[in-house]
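> Fold the following.
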Amino acid sequence: MEAVVVKVKPIEATPETFKEFGQVVQASDDGEEFGPHDAQLDLSQGTPRFYIMHLQDRALKFSKITHHASVTQCLGSISGDVWYLGVAKSSIVDPNVDEKKGENVLQSRSGHFFVPPAVDSVRVFKISGPKFLKLNRGTWHAGPLFKPDSMDFYNLELSNTNVVDHTCHDFDKENATVFVIDE
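Residues are numbered from 1 along each chain as shown. Predicted coordinates for the structure are as follows:
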C-alpha cells in the first residue's frame with residue numbers, strides 16, 4: 001500500500017503554543033532565580049548526558065516518531081538557525097488504572113505501556129532563534145529536521161536513553177502515512 005502524504009503547517013514554538021508537549025526556554029538575565037520559565041527537568045532515572053549532536057540530511061519529512069518514558073529531553077540549535085520538530089502528546093498509560101485500557105495499549109521493550117499516537121494528533125513546530133525545547137516525559141517527537149545540509153544541536157537526556165528508553169512508532173508501516181512539513 002502506498003503511503004498517504006499528510007502536509008503539516010508548522011506552528012511557531014512559543015511557551016503558549018508548545019505547553020502541551022513541554023517547554024520553550026528562552027534567554028533570561030544572568031543571576032535571575034530559578035522559576036517556572038526555566039526547564040523543569042526530570043533526570044532522576046540515570047546519569048545525565050549533555051552533548052552536541054551533529055546531524056546531516058534531515059529533510060522536512062518523517063514517518064517515524066519516538067518517545068522516552070523515563071526522562072525529559074532538551075534540544076536546541078547551537079547556531080540559533082531555524083529547525084522543526086514533529087510531536088504528539090505523551091500516551092504512556094498504566095493499564096491497571098488508566099481509562100485507555102480498552103484501546104490499543106502496547107508494551108514497550110523497556111516495559112512501560114503506551115497507546116500509539118494517532119495520525120491526527122501530530123503537530124509540527126518551527127523553532128527560530130536562541131531558544132531550546134524541553135520535551136515532557138513521553139512526548140512523541142520526530143527530528144530535529146532542517147533545510148541546510150547539516151546542523152549541530154545540543155541535547156540533554158540520560159546517558160543510556162537511546163539504548164534502554166527509545167520507543168518508536170512507524171506511521172508509514174502502521175498507518176500508511178508520511179508527514180511532510182509544508183513550509
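> quick one: furthest residue from the center of this structure?
What lies farthest from the middle of the chain is residue 31; by C-alpha atoms, centre = their mean that is 29.4 Å.
> and that residue, what helix or strand is that in?
Remark: residue 31 resides in no helix or strand, with elements defined by DSSP states H and E.
> pLDDT below threshold where in the chain?
Counting by pLDDT under 70, the chain has low-confidence residues at 98-102.
> can you give me the helices for it?
Counting by DSSP state H, the chain has helices at residues 161-164, 171-175.
> Ok, which of the ones you listed comes nearest residue 93?
helix 171-175 (17.7 Å; C-beta to C-beta). For every residue, glycine as well, the C-beta is placed using N, CA and C.
> Show me what the closest one is packed up against.
strand 64-67, strand 177-181 (3 or more C-beta pairs under 8 Å, 6 or more residues apart in numbering; DSSP states H and E).
> Quick check: which of the ones you listed is buried the most?
Of all the helices and strands packed on helix 171-175, strand 64-67 has the most neighbours on average by mean count of other C-beta atoms under 10 Å, namely a mean of 20.
> What number of residues are in the vicinity of residue 76?
Residues lying near residue 76 (other C-beta atoms under 10 Å) number 19.
> so what's the closest residue in space to it that isn't next to it in sequence up against?
Excluding the flanking residues, the one nearest residue 76 by C-beta to C-beta, 6 or more residues apart in numbering is residue 132, at 2.9 Å. Taking C-beta atoms under 8 Å, 6 or more residues apart in numbering, we find residue 132 in contact with 24, 25, 39, 74, 75, 76, 154.
> Could you point out the bridge partners of residue 132 in the sheet?
Here residue 132 shows beta-bridge partners residue 25, assigned using DSSP bridges.
> returning to what we had before: closest one to residue 6 among the helices and strands packed on helix 171-175?
Evaluated over the helices and strands packed on helix 171-175, closeness to residue 6 peaks at strand 177-181, with 5.2 Å, by C-beta to C-beta.
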